[in-house]
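The following comprises the amino acid sequence and a computationally predicted model.
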Amino acid sequence: MSGFLPENTRAGRAFADTVFRAYRAELHRWLLRRLRTPEAAEDVVQEVFTRALRVNNPDYVRKPLAYLFGIAFHVISERQIREDGERLVSLDSQDSERWRSHAALVAPDELAERLNLQRQLEKALMELPQQYRMVILLCKRDGMTHEEAAAASGLSVHTVEKYLVRAKSMLMSLAWDR
């Protein structure tokens, strides 16, 4: 039967089989730390390797683990966007009433302060060089270790650490409104 598969499908299957055997456990552990349930982690692992099957030319993938982490990051992001959209659509009158009563507990000044801080942080992050911003978001927002961030970004661990120090230094040197 495999004799009838197009060449790029066979290459994708061979690539997926190889990286699945080599990196499945590491990818699954990484996903378990980020997702709520083992089932969700397993679902993402399956989607990552389904997408890896689509690789037309595995020779272009120089760092398979970083490639898999990149796919996993995108799959998680897509799932989050889909889940957020479903939650927004499924809000009913009871949910909106709960949100209104919860919002009333937050002082308007505190809410304004939080929004201001969020805008300042977004602006400050955009002022960072792209590589610094990517590394700090992978480590601080996504909770990756330096090694995981290095694998996901295609950088060395030393470079990730160096970029983190520089990014933090740049952020600390900015003037923050209070």
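Nice, I can see it.

State the pLDDT value of the closest residue to Cys139 other than its chain neighbours.
Distance criterion Cβ to Cβ, 6 or more residues apart in numbering; nearest residue to Cys139, sequence neighbours excluded, is Ala149 at 5.2 Å. The way it works is simple: take the backbone N, C-alpha and C, and place the C-beta from them, glycine included. Predicted confidence (pLDDT) for Ala149: 88.

Leu27: neighbour count?
Residues within reach of Leu27, counting by other Cβ atoms under 10 Å, total 23.

That one in helix, strand or coil?
helix (DSSP: H, G, I helix; E, B strand; the rest coil).

list the contacts for it?
Val45, Val48, Leu68, Phe69, Ala72 (Cβ atoms under 8 Å, 6 or more residues apart in numbering).

Pretty sure the second one sits against Ala72.
By that I understand Val48. Yes - applying Cβ atoms under 8 Å as the test, Val48 and Ala72 come out as touching, 5.1 Å apart.

okay, those two: which has more neighbours?
Higher neighbour count among Val48 and Ala72: Val48, with 27 against 22, using other Cβ under 10 Å.

OK, contacts around that one?
Here Val48 is in contact with Leu27, Leu68, Ile71, Ala72, Val75 (Cβ under 8 Å, 6+ apart).

Does it lie in a helix or a strand, and which?
helix 38-52 (DSSP states H and E).

what's the angle from the helix or strand just after that helix to helix 38-52?
Sequence-wise, the next helix or strand downstream of helix 38-52 (DSSP H and E) is helix 64-89. Here helix 64-89 runs at 120 degrees with respect to helix 38-52, directions being taken by axes from the mean of the first three to the mean of the last three Cα atoms, to 10 degrees.

Show me what helix 64-89 is packed up against.
Applying 3 or more Cβ pairs under 8 Å, 6 or more residues apart in numbering; DSSP states H and E, one finds that helix 64-89 contacts helix 7-34, helix 38-52, helix 146-153.

Now do it against helix 146-153, angle only.
90 degrees.

Buried residues, helix 64-89. List them.
Neighbour-count burial for helix 64-89, with 16 or more other Cβ atoms under 10 Å as criterion, is recorded at Pro64, Leu65, Ala66, Tyr67, Leu68, Phe69, Gly70, Ile71, Ala72, Phe73, Val75, Ile76.

Please name the spatially closest residue to the spatially most central residue of the chain (chain neighbours excluded).
Centroid check for the chain by Cα atoms, centre = their mean gives Phe73 as the closest residue, at 3.7 Å. Of all residues not flanking Phe73 in the chain, Ala152 sits nearest, at 6.4 Å (Cβ to Cβ, 6+ apart).
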